[in-house]
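J.: structural data only, the sequence is not supplied:
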């Protein structure tokens, strides 16, 4: 319940009240809340897609009683999620997201403003996808056991909503928490503030011996971690860019281990991306852990030696 409330807490007050009126049992099932210009609000669950009515009820039927988000309300929603300061979050909006509370995130779509050949900002917002982050202590024990306690460098592969980020948090607690007999020094490079959610103060427990670089680009974060924080393991979410790969290779040559995630349904799909294949060929990771998918988040499909 609190995870759901964290996700909607920065919405405009009228929208927050509407969404919060949803039945409590149903709140626990929702993993995404989607707003689209001149379309009804949708609530995504493992069972399927539902609609929200004007009085906060949930239905599977498309009808005239649904709550629609017009163009003006869409702009208000993004303004509110950006803490009423679009300028402050301009760089993040240009990358298509806004960080919310406790690891929740809003994906944002609109019209790109181009400057010097790159996306400088976004205007005329037309879509917002709030992803609800839930923290499960102990959810990574199966992976910890499957890869072996001595394996400190592996790749988590899974489709969206398969539990990759949630598993990363728990792996940090297992490797660097107070219960660990020989804790490792871990650095999380949390580019989108999803893993530890430290940018608002407090945040999520990711282990006693874990340092967090919040909102740093991955390459910059890796360089800082290697120079100043002496990590045993660096943890990264959603790797793939050229500069990130070079940073990881530099870290590996310094004796640091990496635990990272990548989007994909299986290993062969991920290896079609040249940068991921480059890391695998360089033996950065000892194993690949393939997750089953969004219908069974956090569950292992297979573990592959690399």
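T.: Now that the structure is in, tell me what you want to look at. Everything numeric here is computed off the predicted structure, so don't read it as measured data.

J.: C-alpha from now on. contacts and neighbour counts both.
T.: OK.

J.: any stretches of the stretch 201-306 of the chain with poor pLDDT?
T.: Scanning the stretch 201-306 of the chain for pLDDT under 70 picks out the ranges 201.

J.: which stretches of it form helices?
T.: For the stretch 201-306 of the chain, helices defined by DSSP state H, counting those that start in this stretch occupy the ranges 218-224, 242-253, 267-270, 274-281.

J.: which parts of the second one are buried?
T.: Judged by neighbour count using 16 or more other CA atoms under 10 Å, the buried positions of helix 242-253 are 244-249, 251-252.

J.: can you redo those as JSON lines with distance to residue 30?
T.: Listed next are the buried residues of helix 242-253 as JSON lines, based on distance: CA to CA, whole Å:
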{"residue": "244", "distance to residue 30": "32"}
{"residue": "245", "distance to residue 30": "34"}
{"residue": "246", "distance to residue 30": "37"}
{"residue": "247", "distance to residue 30": "36"}
{"residue": "248", "distance to residue 30": "35"}
{"residue": "249", "distance to residue 30": "38"}
{"residue": "251", "distance to residue 30": "38"}
{"residue": "252", "distance to residue 30": "39"}
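
J.: got JSON lines for the helices of the stretch 201-306 of the chain, with distance to residue 145 too?
T.: Converted to JSON lines, the helices of the stretch 201-306 of the chain look like this (distance: least, CA to CA, whole Å):
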{"stretch": "helix 218-224", "distance to residue 145": "27"}
{"stretch": "helix 242-253", "distance to residue 145": "23"}
{"stretch": "helix 267-270", "distance to residue 145": "20"}
{"stretch": "helix 274-281", "distance to residue 145": "22"}
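
J.: need the three-state assignment for the spatially most central residue of the chain.
T.: The centre of the chain sits closest to residue 194, judged by CA atoms, centre = their mean, with a distance of 4.6 Å. Here residue 194 is coil, with the state taken from DSSP: H, G, I helix; E, B strand; the rest coil.

J.: need phi/psi at the residue lying closest to it once chain neighbours are set aside.
T.: Using CA to CA, 6 or more residues apart in numbering and skipping residues adjacent in sequence, the residue nearest residue 194 is residue 103, 4.1 Å away. When quoted as degrees, to the nearest 10, the phi and psi of residue 103 stand at phi 90, psi 0.

J.: for residue 64, see how far away residue 103 is.
T.: 34 Å (CA to CA, to the nearest Å).

J.: equivalent analysis for residue 167, please.
T.: 40 Å.

J.: and if you look at residue 293?
T.: In terms of CA to CA, residue 293 sits 34 Å off from residue 64.
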